[in-house]
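Undergrad: Predicted model, plus sequence, below.
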Amino acid sequence: MRIRIVDAFTDRPFAGNPAGVVLLDAAAFPEDDWLQHVATEVNLSETAFAHPLPPGGDADWALRWLTPTAEVTMCGHATLATAHVLHTTGTATGAVRFRTRSGVLITTVDGDGSIAMDFPTAPLTPVDVPDAVARALGAEIRSAHDTGPNVGDLLVELADEKSVRALSPDLPLLAGHGGRGVIATARAEDPDGGYDFVSRGFFPCVGVDEDPVTGSAHTALAPFWSARLGRANLVGRQGGARTGLVRTELRGERTLLTGSAVTVIDGELLATA
């Protein structure tokens, strides 16, 4: 079967966030152990597995996402990568409905070739910062929010963009955090820089030290920054050494995440299920 590596939330190769994409011909997923072995072998923050569903239902494809060590409930960049593969190979046209652990997610292709994804907006609940997280980050934390069951991150606001860029967290200490990971964010320093806020995401407890561009986290970042900046449409820049852009549009209980993608590797997976 074919396996592809797609750089998501970027319009050029070797940027954004790479994801593995495996389109399955069968009507069901292989054994969980096989899926995990492939994701571990690919060793990217997520590998997406999808198989077609019978016509007439609420979704067109079933979709799952696995990190090198675990399955996750929601993933934005690997969903974008999967939709990109379906459209660029002619496998799908128009809107694509994915059945996932976080509900039915719908993707559409915009006129400029970018892909918009309709995701549930994350509920934000103010929380105290765990001492271990504060010590692991080593930066002043202005506020902290739980992002609900689908995302499962601790969202922390730092003083400024420089503080986010300078983060070098103690990852073993951060791995003890009970959620999926930690997203650190701040308002963009330059209002004319092409983005409204910045973020970085650290997920050592699921085998991903730093995720370059976390689409799912933007379902929490969108309502967080829309409330502060007074606009429904925003652009987020995420990453450290490797970065990408996510366009967000807050629509109440749903959030649109929009970005581009580029296929960089198209190969054959020999160890089939």
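TA: Perfect, I can see it now. Residues are numbered from 1 along each chain as shown.
Undergrad: how about T10, what does it touch?
TA: G16, N17, V213, G244, L245, G259, S260, A261, V262 (Cβ atoms under 8 Å, 6 or more residues apart in numbering). C-beta here means a position set from N, CA and C on the backbone, and glycine is covered the same way.
Undergrad: Tell me which entries of these lie within strands.
TA: Among the contacts of T10, DSSP state E puts N17, G244, L245, G259, A261, V262 in strands.
Undergrad: now those as JSON lines including pLDDT?
TA: Listed next are the ones in strands among the contacts of T10 as JSON lines, based on pLDDT from 0 to 100:
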{"residue": "N17", "pLDDT": "98"}
{"residue": "G244", "pLDDT": "97"}
{"residue": "L245", "pLDDT": "97"}
{"residue": "G259", "pLDDT": "98"}
{"residue": "A261", "pLDDT": "98"}
{"residue": "V262", "pLDDT": "98"}
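Undergrad: export the residues you listed to JSON lines and tack on neighbour count?
TA: What follows is the ones in strands among the contacts of T10, written out as JSON lines (neighbours: other Cβ atoms under 10 Å):
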{"residue": "N17", "neighbour count": "32"}
{"residue": "G244", "neighbour count": "24"}
{"residue": "L245", "neighbour count": "20"}
{"residue": "G259", "neighbour count": "26"}
{"residue": "A261", "neighbour count": "28"}
{"residue": "V262", "neighbour count": "19"}
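Undergrad: For G113, state which of those is nearest.
TA: A261 (9.3 Å; Cβ to Cβ).
Undergrad: where do the helices sit along the stretch 151-273 of the chain?
TA: 161-165, 171-174, 218-229 (DSSP state H, counting those that start in this stretch).
Undergrad: hey, which of those helices is tucked in deepest?
TA: Of all these, helix 218-229 has the most neighbours on average by mean count of other Cβ atoms under 10 Å, namely a mean of 23.
Undergrad: I'd like to know how far the residue lying farthest from the centre of the chain sits from G94.
TA: Distance from the C-alpha centroid of the chain peaks at G56, with 28.5 Å (Cα atoms, centre = their mean). G56 sits 16 Å away from G94, going by Cβ to Cβ, to the nearest Å.
Undergrad: likewise A261?
TA: 17 Å.
Undergrad: any weak-confidence spans in the stretch 151-273 of the chain?
TA: Nowhere does the stretch 151-273 of the chain drop to pLDDT under 70.
Undergrad: Would you check that D7 makes contact with N17?
TA: Yes - taking Cβ atoms under 8 Å as the definition, D7 is a contact partner of N17 at 7.0 Å.
Undergrad: quick one: contacts of stretch 94-109?
TA: Outside stretch 94-109, the residues that touch it by Cβ under 8 Å, 6+ apart are 50, 53, 58-65, 71, 73-74, 79-80, 82-83, 86-87, 115-120, 150.
Undergrad: wait, I meant stretch 188-204
TA: By Cβ under 8 Å, 6+ apart, stretch 188-204 touches 45, 67, 153, 160-162, 164-165, 167, 169, 171-172, 174-175, 180-187, 209-211, 214, 217, 221, 225, 229, 231, 234-240, 245.
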